[in-house]
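Trainee: I would like to see how this sequence folds:
(chains A, B, C and D, ligands or ions: 6)
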Amino acid sequence: MPIESVNDFVVRFANVNGSGSASANQMFARAILRMGVPVATRNIFPSNIQGLPTWYEVRVSGHGWLGARGGTDLMVAMNPQTWDKDVAAIEPGGYLFYDSSRPISASKLREDVTVIGVPLTEICNREYKDPRQRQLFKNIICIGALLALLDMEVSVVEALLDEQFRGKENLISANHKALHIGKDWARANLACPIGLRVARSDAVGDRIFVEGNTAAALGAVYGGATVCAWYPLTPSTSLAEAFTFYCKRLRTDPATKKHRFAIVQAEDELASIGIVIGAGWNGARAFTATSGPGISLMQEFLGLAYFAEIPAVIFNVQRGGPSTGMPTRTQQSDILSCAWASHGDTKHILIFPRDPGEAFEFGAIAFDLADRLQTPVFVMLDLDIGMNHSLVAPFTWDDARKLDRGKVVTHDDLEAGRDFGRYLDVDGDGIPYRTYPGTHPTRGAYFARGTTRDAYARYTEEGGPYIENMHRLLRKFETAKSYVPGPVVQPAVRATRTGAIHYGSTAAAMDEAFVLLRDAGIDVDVLRVRAFPFSNDVVDFIAGHDRVLVVEQNRDAQLRTLLIAENAIDPHKLVPVLHFDGSPITARFIAQAIGALILEALQAQEERNLS
Amino acid sequence: MPIESVNDFVVRFANVNGSGSASANQMFARAILRMGVPVATRNIFPSNIQGLPTWYEVRVSGHGWLGARGGTDLMVAMNPQTWDKDVAAIEPGGYLFYDSSRPISASKLREDVTVIGVPLTEICNREYKDPRQRQLFKNIICIGALLALLDMEVSVVEALLDEQFRGKENLISANHKALHIGKDWARANLACPIGLRVARSDAVGDRIFVEGNTAAALGAVYGGATVCAWYPLTPSTSLAEAFTFYCKRLRTDPATKKHRFAIVQAEDELASIGIVIGAGWNGARAFTATSGPGISLMQEFLGLAYFAEIPAVIFNVQRGGPSTGMPTRTQQSDILSCAWASHGDTKHILIFPRDPGEAFEFGAIAFDLADRLQTPVFVMLDLDIGMNHSLVAPFTWDDARKLDRGKVVTHDDLEAGRDFGRYLDVDGDGIPYRTYPGTHPTRGAYFARGTTRDAYARYTEEGGPYIENMHRLLRKFETAKSYVPGPVVQPAVRATRTGAIHYGSTAAAMDEAFVLLRDAGIDVDVLRVRAFPFSNDVVDFIAGHDRVLVVEQNRDAQLRTLLIAENAIDPHKLVPVLHFDGSPITARFIAQAIGALILEALQAQEERNLS
Amino acid sequence: MTYLPKPKFHHPEIPTNALGLTHRDYEGSVSTLCAGCGHDSISTAIMLACFELDLPPHRIAKLSGIGCSSKTPTYFLGGSHGFNSVHGRMPSVLTGASLANRDLIYFGVSGDGDTASIGFGQFAHSIRRGVNMVYLVANNGVYGLTKGQFSATADKGATLKKGAVNSDSAIDLAAMAIQLGATFVGRSFSGDKNQLVPLIKAAIEHQGPAFIDCISPCVAFNNHEGSTKSFDYVREHNEAVNALDFIPKRDPITADYRPGEVQVVRLHDGSSLRLRKIGADYNVHDRIGALAHLMRREEAGEIVTGLIYLENNLGDLHENLDLVDTPLNQLADTELCPASSALEKINASLR
Amino acid sequence: MTYLPKPKFHHPEIPTNALGLTHRDYEGSVSTLCAGCGHDSISTAIMLACFELDLPPHRIAKLSGIGCSSKTPTYFLGGSHGFNSVHGRMPSVLTGASLANRDLIYFGVSGDGDTASIGFGQFAHSIRRGVNMVYLVANNGVYGLTKGQFSATADKGATLKKGAVNSDSAIDLAAMAIQLGATFVGRSFSGDKNQLVPLIKAAIEHQGPAFIDCISPCVAFNNHEGSTKSFDYVREHNEAVNALDFIPKRDPITADYRPGEVQVVRLHDGSSLRLRKIGADYNVHDRIGALAHLMRREEAGEIVTGLIYLENNLGDLHENLDLVDTPLNQLADTELCPASSALEKINASLR
Ligand SMILES: Cc1ncc(C[n+]2csc(CCOP(=O)(O)OP(=O)(O)O)c2C)c(N)n1
Ligand SMILES: Cc1ncc(C[n+]2csc(CCOP(=O)(O)OP(=O)(O)O)c2C)c(N)n1
Ligand code: SF4
Ligand code: SF4
Ligand SMILES: [Mg+2]
Ligand SMILES: [Mg+2]
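Mentor: Ligands and ions are numbered 1, 2, ... in the order given. Below is the predicted model of the structure:
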């Protein structure tokens, strides 16, 4: 039986990169959004520029689920290289859309899926002369056919084309034409619509559709970042590029056209973080964007920033490790290399946005935290959040909001005779005061260094001041708990002794899994960690449950390690649920894993009761 | 009452570096050894070259305790810069030896210590014209006076001088003369001996007196290392220098005088580890020696070696962190940055020698482990082991011993048609087979890389082969347990539910603390961890006790973190005992800390029993 | 892409070299670079050079960093071991490999980002150390693999597709190599087979650090915003969708000109390069003169190609380290582990 | 050593500058370097230069890496903020600092190990980026702080105390700086106050990357095994105990010679340097000529000193980035955070 579904299915486009399909496919997704139906899209792309397989997954979800679902209901199989695999991936009862210009033997098809052939190449060859136009418009013709098949509103796509190519009239009309060719061919030759349909709804509301890297960059603009030093590294590159884009528009002095920002594409990651640290020492808000390999290269500098207490913000858009690993796949596997970055005893602040919405919010907050706590702050994104568009509430900014510059001693303070010791714990919270270079002609100068020193920043090799300083740093880290974003709890409908902890990009799938489990009668209280150090609420949550599943996207259960090591939690209480093949975690996976674990536990319990 | 002690006291020399005192002081220590009395010596030096305070501590221990003791019985106070601190550091009833050439006010002295003034400068000025000779011989005159005061055998020092300056007759006679001047002056003007005395004994036996870095380097020579790439970094520098020294003597082709070793002083630590990895890939045994900052810089490459499975040996001579930290002080604070080095999910082999004896042994074994397991192996030394001479059993080597080259597929294997897949788990132990480049004209070539690939080393971005590979790496790590050095257990005299775990340079102090505690009626079973991954014996040991104290020299209890994270141990069971001010841990510290914890626990127990 | 094994059948009429091998035996797996990428032409040149020199593929080791250029070793010499290491660090890995076995030929392939940006230090030090290698940079002035940012060899004043202008001074890697002590320095153009193949052959045969700066146009991300005619349509599309969405298939750019001549090579984006081939009267052994020539032509907007500097008989790292003839990775246990008697002597000296 | 504050009392007859400050106001804490170390002379020269230019100390930021040379910022300008960063990475930290506040003067001090070995990449890139700074390398050819290994500026063929011979090509940092785009390149000798102080002053006043390679003898670890006479005794002692056990106190080495002259400077170990001071007829604006001159004199065994290359009006990184006049670290919240209305527009574009 062919699958029948309105507003709840997955379309997957299988293409070759560099073929112009990306923009067409994205237009398809946007069209569904404009029809008021939520979509979750994911780009699965290779680590090269042209000619290799790439997939674009569009999950149409009237319910508004934004995680990956898994499985494909409609495969748009445009890549001969991956044909077999793509055909095999279709759910039973699903649909296969392909270019029927050349005949395909039945053995290459499946009996249990509906096969929809459109002679795209043939149509293109007929309609266009220029081979590049043939390629480009093939994508649009394909979208046109899909509109018909899925019963979508053509005018919506037309409007999108008009917006996209505004000012380029020849492109607009040509694209319109291609769209209609596809739609008309399908309506004329195929049974439209198929079992899968998009029906206008109002489930999108005023939400925006944006990538996490863009959102984080915008957060950095609003957060007052003025210095960005970076080195290209997938999947973080677009964050720095978006920052550049928005700074030009939002941070150019209106009168002089000069820049209120400095962006340096450095020669590598060591230089990037060095520039950030130099700027932070000198009182500017500075950041870098990078991924795992960059984090590894920055380790020495990160220890310096920890120990010399220099504000710095690092956006770590995580990808599949270790080493070069899976550069175009997602993972959450740099938790430990960030939390305990560098040799010696260190602890660093991590914040975990769940989606582009929080990427914006945390992208701004990170700079307040760094200045307030005078230390590196890691915004832990990943490829799934960073490089995929996601539907989130519109960004907001309170115009009355002030940037928190932290404890800075001014010229007037010094003039008034205030005692200044760079590493003195004046307030008992472990956070010392600092001066910006050049503040006062005779007071407040100090020497920053990575070696030990006393509270007045004077070099010393003595054990006493060293220990004192190291303990103060622990105090400061304790203080950090009251500044970083606290956890978010989603209680089960009924009281339960089972909890689940997750973070970052797992959230979308977890929200859905929660409902799947609930509907299956399985109660799990869910807590989303939003920062390290963990607040006491996290510890209390764990204490309040017999068993807590820790859901993460890495092999070694890194957040779990951090939880047990930093909060003296019994490892037996924390059960790892791990997904780390580089694809985004799904609600299906989580629900199945948690369901199985809970079942197991119940059986064990029963056996114990029986014996 | 002046302290009275034969063969059990601590002499501390307070000097200025670059003044020639180091060699004289070491001669003093060697003289005691030659009298058959064990000494433990420690150099406390600044991070500069000339003119700053330096101390040399000689613990005379007829019992043979080799850890630092703490406290000073006889202070040889030759440095006016640190006078006050030095005088204050003397144990009540102790002795102060000083240069009385210039009068010192009584307020600068202490009533409760015996003050011994020798007009060293005056004597030197009288005896020598050249200011440099005055300085050099002052040190020897000082030793001469100490010989008399401590009742030491002059002939022993004379013999040492003869050996040291062999072939330089003018230096020999001049040094002899200086020695006698000092001794004669003391005998003539002071009450000799004082309460502290050295009496000939036979407690040294055939033991040797050697630095850990020297021993490790010699281990590398015997372990078949041919390529060494390094960058100077205190306290690891002398390891590479000793390797150079011994290779020249032991690895020069007798016929051609050519070298069977390649030592490259690289431009930095990234290049050092890169060279090591290149050599390891190409089938040579290669290593680098470094310390914390180097480990931080090597992180990216370490992940590559883990993932591409390249043998490499890293001697990490740990120093005080974080950042540049305390470059001339000791710590064990790179445990986590080595065990989980690099971004992504990784696990690395660590081995922990306790002293120069094991530094030699592990220095050789490390290369077998690296080849066998095809992965980086960290030999975790520290400044205390590496840069201090210690008394250990003579080095031994079995001439029949074969180097374990691990799983290498040869030309003949390939010729015989053997299937070769670089990352195939043929034996089920997770360890694959490799070929050296150039092995066979048409078979066995593969491409090493840091990206994911299948079992035949072919690039792939698919999740399945990635997961399989990541699991195999875990299997390999499990296999490592059966190859790495196992733990050493020292059971208490009576059965006890309290255990203690320690590692590395803590061993000397722990041995002594064990006896101190035993004598105080406190029973603790002690286990010394010698490697990560931890063998099951470690887990069983913990399981067999109610509470296990984990004694380490870092702030954040890093080995404890590793224990609980990797073996699912309840953190409450593992009580941290931490010493991290940069000085070597002492038996006194351990015994007091453990004693106090046990007392506390007993009291808590009682209170519970009462309530 | 997953590696696609190709059937290797030898046609009787296909040319063979002295080893009886055909071109096929010097190929690697199918390239995954963009159609028309200069790097693929370089791969072909390397294959031809090795074929013509009758080198057994397995006696060559291929090393690279990360980048489109650094991927190429997968696409040539499938019978050689290869090592695609980490970004910018090929030189150290190659150095180590070379120490382990002095008998193989070491071929390092890098990009301008890999070498002139992140890898500048390792580039410099491997050269001044005298490693016996061919170090070839496929130089396109951009980071191809990360989608077209400037590299450190991009000209000052160059403009990116997205409008960014390069304000940093360009690094001339050939000039640098000469200054740093390379004893063989050449420059060529990926599309000039007649120059490139002999240059690579000479570099392979050279004892010591041989450096080749090979200009290699990136067809996807060119760094000059030229007055393109034919691709307007595609450019407009990509601009509108604000992404490099569509990359048309292009042919590799070739060049063919004689020593002493200047050839203007037109790139796909309409910009051009002025290549000046070194003439017969040039003194290849004059280090100071070579440098001055490079710089003077550069001021005139020309790129000098050919063998720019050569110094034989300066030895290499193996000689400097006075290594035994047997490769270190082949020494027997008995040659490596000293006898226990030696250890006893050492023990005695430590009492 | 723990920092020893010194009483600062101003004697009425002590010379003051236009700010009313005395030499004392430009001092730092007491040096912990070896007696006679060239680096201390450089510190003095920096103090004098700043004094003579009437610079308020707090308007200068001192940055360094790690090494004896990198320690010196503690020993001059106690009223300035300083940052002793990590080994080889001063250039990036300085670049960041300079971006944050374009109004201060940035003085970077490094060593030859710090710059030519581990830091070669950052050195090169900070210069080609056009950072407005003085970048001074106290060049002694060795790693002083780690006890005397060769650095990358050590001459090929030089011999270490312990007998090691350097087989790597030496890096000439001044030549490199010229090639990399420095717009002010000078070389001097630590003991030549008459040359060094004016050179530093000019470098400070230069807009753009000003590089000074300052030869600065290490009295503890010299890299030439000369025919020493006076220190035989000490050397024998140190050799016998196999350690640098005793370091005699030495006087700083000074030099005083006129433009156009050559002076042979004798080092404590008996070796010597031939310094050639640039004469009046030299064209300081000829980049290619400057490089050739450096290399030619070097081949003749001479070290060229003086202002080697100068190019004004090439701008700096601040200009290239088109920064506002207000230092970035002083922009108000309102200048940094766009209004919420701008965000609403962005939201609208994302639907
Ligand atoms: C440590 C690290 N940083 C960044 C990257 C991302 N990266 C991959 S290739 C590349 C640049 C490649 O440029 P180039 O060497 O010129 O090669 P091309 O692609 O142009 O041939 C970068 C920045 C990386 N792989 N590793
Ligand atoms: C990452 C790192 N590696 C190594 C060191 C050790 N180290 C400190 S200073 C130095 C060399 C200093 O040489 P140079 O810059 O020439 O300064 P000098 O002492 O000669 O003035 C080295 C290798 C370090 N501090 N950090
Ligand atoms: S992006 Fe450029 S360098 Fe990379 S493969 Fe394509 S054309 Fe070649
Ligand atoms: S070791 Fe050399 S460079 Fe360092 S302070 Fe002493 S003389 Fe100066
Ligand atoms: Mg490139
Ligand atoms: Mg130096």
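
Trainee: A:Gly93 against A:Phe9, yeah?
Mentor: No. Using CB atoms under 8 Å as the test, A:Gly93 is too far from A:Phe9 to be in contact (10.9 Å). Where you see a C-beta, it was placed from the backbone N, CA and C, and this is true even at glycine.

Trainee: got any residues that touch both of these two?
Mentor: Common neighbours of A:Gly93 and A:Phe9, using CB atoms under 8 Å, 6 or more residues apart in numbering or on different chains, are A:Ile3.

Trainee: who has more neighbours out of those two?
Mentor: The residue with more neighbours, out of A:Gly93 and A:Phe9, is A:Phe9; 26 against 14, by other CB atoms under 10 Å in any protein chain shown.

Trainee: for that one, give me its contacts.
Mentor: Listed by CB under 8 Å, 6+ apart, the contact set of A:Phe9 reads A:3, A:59-60, A:73-74, A:196.

Trainee: redo the residues you listed as JSON lines? Include pLDDT.
Mentor: Shown next, in JSON lines, are those (pLDDT from 0 to 100):
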{"residue": "A:Ile3", "pLDDT": "97"}
{"residue": "A:Arg59", "pLDDT": "98"}
{"residue": "A:Val60", "pLDDT": "98"}
{"residue": "A:Asp73", "pLDDT": "98"}
{"residue": "A:Leu74", "pLDDT": "98"}
{"residue": "A:Leu196", "pLDDT": "98"}
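
Trainee: among those residues, which pair sits farthest apart?
Mentor: A:Ile3 and A:Arg59 (14.0 Å; CB to CB).

Trainee: so which of the two has more stuff around it?
Mentor: The neighbour comparison of A:Ile3 against A:Arg59 (other CB under 10 Å) goes to A:Arg59, with 26 against 19.

Trainee: partners of that one in the sheet?
Mentor: Under the criterion DSSP bridges, A:Arg59 forms beta bridges with A:Val10, A:Ala40.

Trainee: so C:Glu52 touches C:Lys193, yeah?
Mentor: No. With contact defined as CB under 8 Å, C:Glu52 does not reach C:Lys193; the gap is 11.6 Å.

Trainee: where are the low-confidence patches of the chain?
Mentor: Because you didn't say which chain, this covers chain A. Where chain A drops to pLDDT under 70, the residues are A:611.

Trainee: that was the other one, I meant chain C.
Mentor: Using pLDDT under 70, the flagged stretches of chain C are C:1-12, C:159-164, C:222-235.

Trainee: select the longest helix from it.
Mentor: What stands out as the longest helix in chain C, according to DSSP state H, is helix C:38-52.

Trainee: do that one and ligand 3 meet?
Mentor: Yes. Judged by CB under 6 Å from any ligand atom, helix C:38-52 comes into contact with ligand 3 at C:His39.

Trainee: how many neighbours does the residue of chain A found nearest ligand 5 have?
Mentor: At 11.0 Å from ligand 5, A:Pro232 is the closest residue in chain A, using CB to the ion. If you count neighbours by other CB under 10 Å, A:Pro232 ends up with 23.

Trainee: list the contacts for it?
Mentor: A:240, A:265, C:143, C:146-147, C:149.

Trainee: swap the cut-off to 6 Å and go again
Mentor: Listed by CB atoms under 6 Å, 6 or more residues apart in numbering or on different chains, the contact partners of A:Pro232 are C:143, C:146, C:149.

Trainee: what sits closest to it if chain neighbours are left out?
Mentor: Counting by CB to CB, 6 or more residues apart in numbering or on different chains, the nearest residue to A:Pro232 once its immediate chain neighbours are dropped is C:Thr146, at 3.6 Å.

Trainee: chain center to stretch C:276-285, what's the gap?
Mentor: Mean C-alpha position of stretch C:276-285 versus that of the full chain (CA atoms, centre = their mean, to the nearest Å) differs by 21 Å.

Trainee: before we move on, back to that, which SS class is the residue of chain A closest to ligand 5?
Mentor: coil (DSSP: H, G, I helix; E, B strand; the rest coil).

Trainee: how about the nearest residue to the residue in chain A positioned nearest to ligand 2, chain neighbours excluded?
Mentor: The minimum distance from chain A to ligand 2, using CB to the nearest ligand atom, falls at A:Glu300 (6.2 Å). When the adjacent residues along the chain are set aside, A:Glu300 lies closest to B:Ser296, with 3.9 Å between them (CB to CB, 6+ apart).

Trainee: repeat for A:Ala448
Mentor: D:Phe83 (4.4 Å).

Trainee: can you check A:Asp84 too?
Mentor: A:Lys108 is the one closest to A:Asp84 (CB to CB, 6+ apart), at 7.3 Å.

Trainee: A:Asp206 too?
Mentor: Spatially, and ignoring its direct neighbours in sequence, A:Asp206 is nearest to A:Pro394 (5.7 Å; CB to CB, 6+ apart).

Trainee: hmm, back to that, the residue nearest to A:Ala448 contacts D:Ser64, correct?
Mentor: No. In this structure D:Phe83 lies outside contact range of D:Ser64 using CB atoms under 6 Å: 7.4 Å.

Trainee: report how many residues lie close to residue 342.
Mentor: Reading this off chain A. 29.

Trainee: I was thinking of chain C, sorry if that wasn't clear
Mentor: Counted with other CB under 10 Å, the neighbours of C:Ala342 add up to 17.

Trainee: hang on, it in a strand?
Mentor: No. Looking at C:Ala342 with three-state DSSP, it is helix, so not inside a strand.

Trainee: distance check, it against B:Leu190.
Mentor: Distance, C:Ala342 to B:Leu190, by CB to CB, to the nearest Å: 46 Å.

Trainee: same deal with A:Ala568?
Mentor: As judged by CB to CB, A:Ala568 and B:Leu190 stand 58 Å apart.

Trainee: looking at these two, which one has more neighbours?
Mentor: The residue with more neighbours, out of A:Ala568 and B:Leu190, is B:Leu190; 16 against 13, by other CB under 10 Å.

Trainee: just to revisit the earlier point, which helices and strands does the very next helix or strand once past the longest helix of chain C pack with?
Mentor: Next along the chain after helix C:38-52, taking DSSP states H and E as the criterion, comes strand C:60-64. Under the contact criterion of 3 or more CB pairs under 6 Å, 6 or more residues apart in numbering or on different chains; DSSP states H and E, strand C:60-64 touches strand C:81-84, helix C:90-100, strand C:105-111.

Trainee: most packed of the ones you listed?
Mentor: Comparing the helices and strands packed on strand C:60-64 by mean neighbour count (mean count of other CB atoms under 10 Å in any protein chain shown), helix C:90-100 comes out on top with a mean of 32.

Trainee: quick one, helices of the stretch 201-350 of chain C?
Mentor: Counting by DSSP state H, counting those that start in this stretch, the stretch 201-350 of chain C has helices at residues C:232-241, C:287-299, C:317-320, C:333-336, C:340-349.

Trainee: tell me which of those helices is the most buried.
Mentor: Among the helices of the stretch 201-350 of chain C, helix C:317-320 has the highest mean neighbour count (mean count of other CB under 10 Å), at a mean of 20.

Trainee: quick one: contacts of it?
Mentor: Helix C:317-320 is touched from outside by C:102, C:129-131, D:167, with contacts defined as CB under 6 Å, 6+ apart.

Trainee: what do you get if the cut-off is 7 Å, keeping everything else the same?
Mentor: Residues outside helix C:317-320 that contact it (CB atoms under 7 Å, 6 or more residues apart in numbering or on different chains): C:102, C:129-132, D:167.

Trainee: and ligand 1, which of those residues reach it?
Mentor: When contact is defined as CB under 6 Å from any ligand atom, these do not meet ligand 1 at all.

Trainee: most centrally placed residue in the chain?
Mentor: With no chain named, the answer covers chain A. A:Ile385 (2.0 Å; CA atoms, centre = their mean).

Trainee: looking at chain C here, not the other one
Mentor: Within chain C, and using CA atoms, centre = their mean, the residue nearest to the centre is C:Leu136, at 1.8 Å.
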